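Asks: Next one to model:
(one chain, ligands or ions: 1)
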Amino acid sequence: MKMSTKSKVQISKFREEHLFQAKDILDSQFGYDYLTICDIKKYLDINSLGLVAIDGDTVLGLTLIKLGTLREIKNHFLKGKNWFKSRFIDLEPIALRKHLAVLPGMEGKGIGKELVVNGMKILEKHARSIISIVWEESAGKSVGKILRSCGSMPIHTLENYWSMESIEKQYLCPNCKKPPCRCSATIYAKIIDKKPKRKENTIPPHHNDSILQ
Ligand SMILES: CC(C)(COP(=O)(O)OP(=O)(O)OC[C@H]1O[C@@H](n2cnc3c(N)ncnc32)[C@H](O)[C@@H]1OP(=O)(O)O)[C@@H](O)C(=O)NCCC(=O)NCCS
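Replies: Reported below is the predicted structural model:
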């Protein structure tokens, strides 16, 4: 990591005690209530991987990921479900990186990259494909760069990806302001294992172990 405080910043498992700081970061980077406390809590369950970058008690950044079967992960797509299904049918278990954000004022110091690199190392042991849904605003900039450096490539674009959800939840996109959000999502993927999938459509037993404990 390039930041001078590198030695102080640690990557650790996302826990209940980080909830409110995580919400503040997500609110300021993606718009108020883009994720509610209830939404964020869902990343504390066994089929999720949440990582935080912390300095003492201060959360400097986070990434929130879901792990699951094709069917489970499909439900997380706001658009492009059929595209996703046909493209990832043989690549379960699937990890879906849904959110990545750094505390405002702390961007560009290597925190985002550290979160992604650490997440990738863990996910590579548990998933056969790792997908990231990237806000177009970031795809050409830091996030795209970070993902490419970890072997993840852009494979698809979904236009107006958050449009319906922004209307339903009435969140304010930092780019579009008032709903509907008109931003596109770029889908990045890293394929870990191209072997034919197991016959039964299930996640291997190890997936049920808590992945960071
Ligand atoms: C996107 C975000 C998570 C990246 O985290 P970060 O800590 O700022 O990024 P890093 O410092 O780790 O930078 C990673 C790489 O991107 C580069 N980078 C950073 N900002 C950049 C920019 N605006 N344009 C181009 N490259 C940039 C860095 O130079 C670095 O490259 P290097 O490793 O080759 O030196 C953070 O900036 C953020 O929270 N942004 C707002 C929310 C957001 O857009 N989230 C992503 C939604 S998909």
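Asks: give me every residue that touches the closest residue to the ligand within the chain.
Replies: Residue nearest to the ligand within the chain: G112 (2.1 Å; C-beta to the nearest ligand atom). The C-beta positions use only the backbone N, C-alpha and C, and glycine is treated the same way. G112 is in contact with G61, L100, V102, S142, V143, I146, counting by C-beta atoms under 8 Å, 6 or more residues apart in numbering.
Asks: Looking at these, which has the smallest pLDDT value?
Replies: pLDDT is lowest at S142 among the contacts of G112; the value there is 86.
Asks: was I right about that one contacting K109?
Replies: No: the criterion here is C-beta atoms under 8 Å, and S142 misses it with K109 at 10.9 Å.
Asks: Tell me which of these two has more neighbours.
Replies: K109 (21 against 16; other C-beta atoms under 10 Å).
Asks: For this protein, what lies in contact range of the ligand?
Replies: Within the chain, the positions near the ligand by C-beta under 6 Å from any ligand atom are 29, 100-102, 107-113, 134-135, 137-138, 141-143, 145-146.
Asks: For the closest residue in space to S142 that isn't next to it in sequence, pull up the helix or strand it's in.
Replies: In space, and not counting its chain neighbours, S142 is closest to G112: 6.1 Å by C-beta to C-beta, 6 or more residues apart in numbering. Taking DSSP states H and E as the definition, G112 sits inside helix 111-123.
Asks: okay, the angle between the helix or strand just after that helix and helix 111-123?
Replies: From helix 111-123 onward toward the C-terminus, using DSSP H and E, the following helix or strand is strand 129-135. Orientation check (axes from the mean of the first three to the mean of the last three C-alpha atoms, to 10 degrees): strand 129-135 against helix 111-123 gives 160 degrees.
Asks: What is the least confident helix or strand in this protein?
Replies: helix 136-139 (a mean of 75; mean pLDDT, DSSP states H and E).
Asks: Which neighbouring elements make contact with the next helix or strand after that helix?
Replies: Scanning forward in sequence from helix 136-139 by DSSP H and E, the next helix or strand is helix 142-149. Helix 142-149 sits against helix 111-123, strand 129-135, strand 185-191, with contacts defined as 3 or more C-beta pairs under 8 Å, 6 or more residues apart in numbering; DSSP states H and E.
Asks: tell me the pLDDT at the closest residue to A95 other than its chain neighbours?
Replies: Closest residue to A95 apart from its sequence neighbours, by C-beta to C-beta, 6+ apart: A127 at 3.8 Å. As predicted, A127 sits at a pLDDT of 95.
Asks: The helix holding G112: which residues count as buried?
Replies: I111, G112, K113, E114, L115, V116, N118, G119, M120, I122, L123 (16 or more other C-beta atoms under 10 Å).
Asks: Can you report phi and psi for the residue nearest to the last one when sequence neighbours are not counted?
Replies: To tie it back to what came earlier, the one meant is L123. Nearest residue to L123, sequence neighbours excluded (C-beta to C-beta, 6+ apart): A95, at 4.4 Å. In terms of degrees, to the nearest 10, the main-chain angles of A95 are phi -110, psi 130.
Asks: My guess is A95 contacts K125. True?
Replies: No: A95 is beyond contact range of K125, at 10.4 Å (criterion: C-beta under 8 Å).
Asks: the more surrounded of the two?
Replies: Set A95 next to K125 and count neighbours by other C-beta under 10 Å: A95 wins out with 26 against 9.
Asks: Before I go, just wanted to say thanks for your time.
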